[in-house]
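Undergrad: model this:
(2 chains, ligands or ions: 2)
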Amino acid sequence: MDVAIRTRALTRSFGPVRALDHVDLEVAAGSIFGFLGPNGAGKTTTIRILLGLLEPTGGSAEVLGFDAARDAARIREAAGALLEHAGIYERLSAEQNLEFFGRIYGLPARERKARAHELLDSFGLAAARRRRAGTLSRGMRQKLAIARAMLHRPRLLFLDEPTAGLDPAAGASLRDDLLALARQERVTVFLTTHNLDEAERLCDRVAVIHRGVVRATGSPAELRERAGRPRVRIRAAGLDDALARLVADHPDVAAATRVEPTVLELELRDGARPAPIVALLVQRGAEIDEVRRLTPSLEAAYLGLVEAAR
Amino acid sequence: MSFAGDVRTVIWKEWRELADHVAGSRVGIIGMVVLGLYFGVIAPYANGPRIVASALAIFQYPLLAAMLSVQPIVDSFAGERERHTLETLLASRLADRAILLGKLLAVLVATTGATYIVYALALLTTRLAHADQPSATPPEWVLLGVGLGVLLVPAVFAALGVFISLRAATVRQAAQTFGLAIVGLALLPVILGQLALQLGSPLVLRVSRLTPVQLVLLGAAALALLAATFLAAAFRRFRRGRLNLD
Ligand SMILES: Nc1ncnc2c1ncn2[C@@H]1O[C@H](COP(=O)(O)OP(=O)(O)OP(=O)(O)O)[C@@H](O)[C@H]1O
Ligand SMILES: [Mg+2]
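TA: Ligands and ions are numbered 1, 2, ... in the order given. Prediction:
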């Protein structure tokens, strides 16, 4: 595996506050990595360290083969970033904001213009391109900032809460863009988000951080599976409390609840299958309408991890 | 993407922001026009050649340039911090020195350039309005003094201002600290003068024997040294990983 980002025991304290505590991360090149965690967990701090904007107090980080403490200039050269604040110059026009960064990254004048046009178009900002950026709405500024991060076609994109403030359509279109970048151009994307649905749809791998400690890493599917025991929902006629108690006492069942008169929800023990339970119910005269496996959501997994850490 | 190119890129951005800032406030535009008219036309017209051709000019025009530089220079870093653009700027590939030098030169070139234009206007006004007076053409040492002073006094201001602005949380705080620092700086020649008078009459004697041109050059050297000191301090203070980002 080609690794774009690797941290080892990365630690950062602010006085008594341990913002990061021995964080180990590995992000594959060309993948989309989601960094999840509650407010104050240490996500932004991590991005700052990876870009050399903040010195770690311990451990090390390597980004695109460069050490983040010693060679951060090389990292910044190759990366694009949307940080916690959009970082838009409100006194410049939308277009000038892009032009400034085009100049910084040495795009020739013609390419700069073309690329700015293309991005403003694709973000629906074409009509606003001459407007002073200070007069744009929050979501428009956010889009402009994402366009700015992508402008010079970096190999690595850091996006701190990219969809914050975007309308649902813009969020969806950004997700499509990011997926295309990763799949077609092998761009590595390191993003943070509070939108777990988004993380699930977008990310190849996620890590959950809480109070500076990484609590879990894996694909969204892995995290979901790890989080909850398999659950089964059975809809049947002829259920009663006695039958529910009988099912609850079955050795394969960890818990059973009659959530509606005709609906029973089961939590199975590890490795158990629903068939024997269904057979038991049929044998006791219940008429089964539907048996459905409930997959735990990433949100449930996330909440479980964060709760467990409290 | 040479170093000089990066400095130019920063200047490009700073000037566009500055233009918007000045153009955005009526007070800003009127203030600039009034200052320009006063020092370029009204003062030399009303007060005669001494405005441009005496030692007064060596104080007046450099001070004008320095005054013009204060607002943009205290804004240089503190303003980016306050408006939340500093972190994004620092996350770019621009080198620390290119950012610092670009910001400093953007202010210096603008204020020094504008003041040279105003002085040229004042010379023209004097020539037209007071052609009959023998002192209408400034002596060499005044021209040299104005030329160097208009460059070096704002250079001292800019280097000191950048140094202060780097650490300040807000523009207001930067302005306050800068004001105090300038008062301290203005006391420096007074104290040194007192000291020189008390300590050594030979030194005073030697200085008093200098020609005006030599005196101007001496002053310029002192200013250059001061500016270089502040600039070096600013470079040392600018450590990306240690800067307060918000
Ligand atoms: N410059 C600083 N000085 C002191 N403490 C800081 C500083 N920056 C961050 N912290 C602390 O470090 C911890 C992690 O902050 P960080 O901004 O990385 O969180 P986050 O995961 O990005 O949160 P959010 O989801 O709210 O953006 C918090 O406790 C925060 O208060
Ligand atoms: Mg954050």
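Undergrad: residue B:206 - how many residues pack around it?
TA: Here the number of neighbours of residue B:206 (other C-beta atoms under 10 Å in any protein chain shown) works out to 10. Every residue, glycine included, has its C-beta placed from N, CA and C.
Undergrad: helix, strand or coil: sort out it for me.
TA: helix (DSSP: H, G, I helix; E, B strand; the rest coil).
Undergrad: then residue A:272?
TA: From three-state DSSP, the assignment for residue A:272 is coil.
Undergrad: phi first, then psi, for it.
TA: The phi/psi pair for residue A:272 (degrees, to the nearest 10) reads phi -80, psi 160.
Undergrad: got the contact list for it?
TA: A:230, A:252, A:253 (C-beta atoms under 8 Å, 6 or more residues apart in numbering or on different chains).
Undergrad: how about residue A:278?
TA: When contacts are counted by C-beta under 8 Å, 6+ apart, residue A:278 touches A:234, A:288, A:291.
Undergrad: can you give me the pLDDT of the residue nearest to residue A:52 when sequence neighbours are not counted?
TA: For residue A:52, ignoring the flanking residues on the chain, the nearest one in space by C-beta to C-beta, 6 or more residues apart in numbering or on different chains is residue A:72 at 2.2 Å. On pLDDT, residue A:72 comes in at 95.
Undergrad: just to be sure, residue A:222 is in a strand?
TA: No - the assignment for residue A:222, made by three-state DSSP, is helix rather than a strand.
Undergrad: okay, it and residue A:33: tell me how far apart.
TA: 14 Å (C-beta to C-beta, to the nearest Å).
Undergrad: so for the helix or strand residue A:99 falls within, mean pLDDT?
TA: Element membership for residue A:99, per DSSP states H and E: helix A:94-104. The average pLDDT within helix A:94-104 is 97.
Undergrad: can you name every helix or strand that it contacts?
TA: Secondary-structure packing of helix A:94-104 (3 or more C-beta pairs under 8 Å, 6 or more residues apart in numbering or on different chains; DSSP states H and E): helix A:109-122, helix A:138-150, helix B:3-24.
Undergrad: which bits of chain A sit near chain B?
TA: A:48, A:51-55, A:69, A:72-73, A:76-77, A:79, A:81, A:83-92, A:96, A:100-101, A:103-106, A:132, A:145, A:158 (C-beta under 8 Å from any C-beta of the partner chain).
Undergrad: which of those count as buried?
TA: Burial by neighbour count, judged by 16 or more other C-beta atoms under 10 Å in any protein chain shown, picks out A:48, A:51-54, A:72, A:76-77, A:79, A:81, A:83-92, A:96, A:100-101, A:103-105, A:132, A:145, A:158 from these.
Undergrad: what are the bridge partners for the residue lying closest to residue A:241 once chain neighbours are set aside, then?
TA: Leaving out its chain neighbours, the residue that sits closest to residue A:241 by C-beta to C-beta, 6+ apart is residue A:258, at 6.9 Å. Counting by DSSP bridges, residue A:258 is bridged to residue A:264.
Undergrad: between the longest helix anywhere in chain A and helix A:138-150, how many degrees?
TA: Ordering each helix of chain A by length in residues (DSSP state H) puts helix A:168-185 first. Angle of helix A:168-185 versus helix A:138-150, following axes from the mean of the first three to the mean of the last three C-alpha atoms, to 10 degrees, is 10 degrees.
Undergrad: next SSE after helix A:168-185?
TA: Past helix A:168-185, the next helix or strand by DSSP H and E is strand A:188-192.
Undergrad: burial measure for residue B:39, as a count.
TA: 21.
Undergrad: contacting residues for it?
TA: Counting by C-beta under 8 Å, 6+ apart, residue B:39 touches B:60, B:61, B:64, B:118, B:119, B:122.
Undergrad: please list which of those are also close to chain A.
TA: Among the contacts of residue B:39, chain A is touched by none when using C-beta under 8 Å from any C-beta.
Undergrad: report the closest residue of the stretch 1-150 of chain A relative to ligand 2.
TA: Among all residues of the stretch 1-150 of chain A, residue A:44 sits closest to ligand 2, at 3.2 Å; criterion: C-beta to the ion.
Undergrad: could you report the neighbour count for that residue?
TA: Residue A:44 has 20 neighbours, counted by other C-beta under 10 Å.
Undergrad: show the pLDDT at it.
TA: pLDDT, read off for residue A:44, is 97.
Undergrad: show the pLDDT at the residue most central in space within chain B.
TA: Computing the C-alpha centroid of chain B and ranking residues by C-alpha atoms, centre = their mean puts residue B:154 first, at 1.1 Å. Note for residue B:154: predicted pLDDT of 97.
Undergrad: burial of the residue of the stretch 151-300 of chain A found nearest ligand 2, as a residue count?
TA: Residue nearest to ligand 2 within the stretch 151-300 of chain A (C-beta to the ion): residue A:160, separated by 5.8 Å. Residue A:160: 21 surrounding residues under other C-beta under 10 Å.
Undergrad: out of residue A:222 and residue A:33, which sits in the more crowded spot?
TA: When residue A:222 and residue A:33 are compared on other C-beta under 10 Å, the one with more neighbours turns out to be residue A:33, at 24 against 14.
Undergrad: for chain B, longest helix please?
TA: helix B:96-129.
Undergrad: helices and strands around it, which ones?
TA: helix B:3-24, helix B:26-37, helix B:43-47, helix B:50-53, helix B:55-82, helix B:140-167, helix B:212-237.
Undergrad: give the residue spans of chain B that score low on pLDDT.
TA: Applying pLDDT under 70 to chain B picks out residues B:201, B:203.
Undergrad: hmm, try it at 80
TA: B:1, B:134-136, B:193, B:196-197, B:199-208, B:241-246 (pLDDT under 80).
Undergrad: run the angle between the helix holding residue A:99 and helix B:3-24 for me.
TA: Interaxial angle, helix A:94-104 versus helix B:3-24 (the same axes, to 10 degrees): 160 degrees.
Undergrad: can I get helix A:94-104 as PDB, trimmed to CA atoms?
TA: Coordinates of each C-alpha in helix A:94-104 appear next as PDB, following Å, rounded to 0.1, in the frame of the first residue of the first chain:
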ATOM      1  CA  ALA A  94     -14.200  35.900  -5.700                       C
ATOM      2  CA  GLU A  95     -12.000  35.700  -8.800                       C
ATOM      3  CA  GLN A  96      -9.100  37.600  -7.200                       C
ATOM      4  CA  ASN A  97      -9.100  35.200  -4.300                       C
ATOM      5  CA  LEU A  98      -8.500  32.400  -6.800                       C
ATOM      6  CA  GLU A  99      -6.100  34.400  -8.800                       C
ATOM      7  CA  PHE A 100      -3.900  35.000  -5.700                       C
ATOM      8  CA  PHE A 101      -3.600  31.300  -5.000                       C
ATOM      9  CA  GLY A 102      -3.000  30.600  -8.700                       C
ATOM     10  CA  ARG A 103      -0.100  33.000  -8.600                       C
ATOM     11  CA  ILE A 104       1.200  31.400  -5.300                       C
END
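Undergrad: circling back: so who does the residue nearest to residue A:52 touch?
TA: Contact analysis of residue A:72 by C-beta under 8 Å, 6+ apart lists A:51, A:52, A:53, A:66, B:240, B:241.
Undergrad: on that earlier part again, so the residue nearest to the centre of chain B makes contact with residue B:110?
TA: No - Residue B:154 is beyond contact range of residue B:110, at 9.6 Å (criterion: C-beta atoms under 8 Å).
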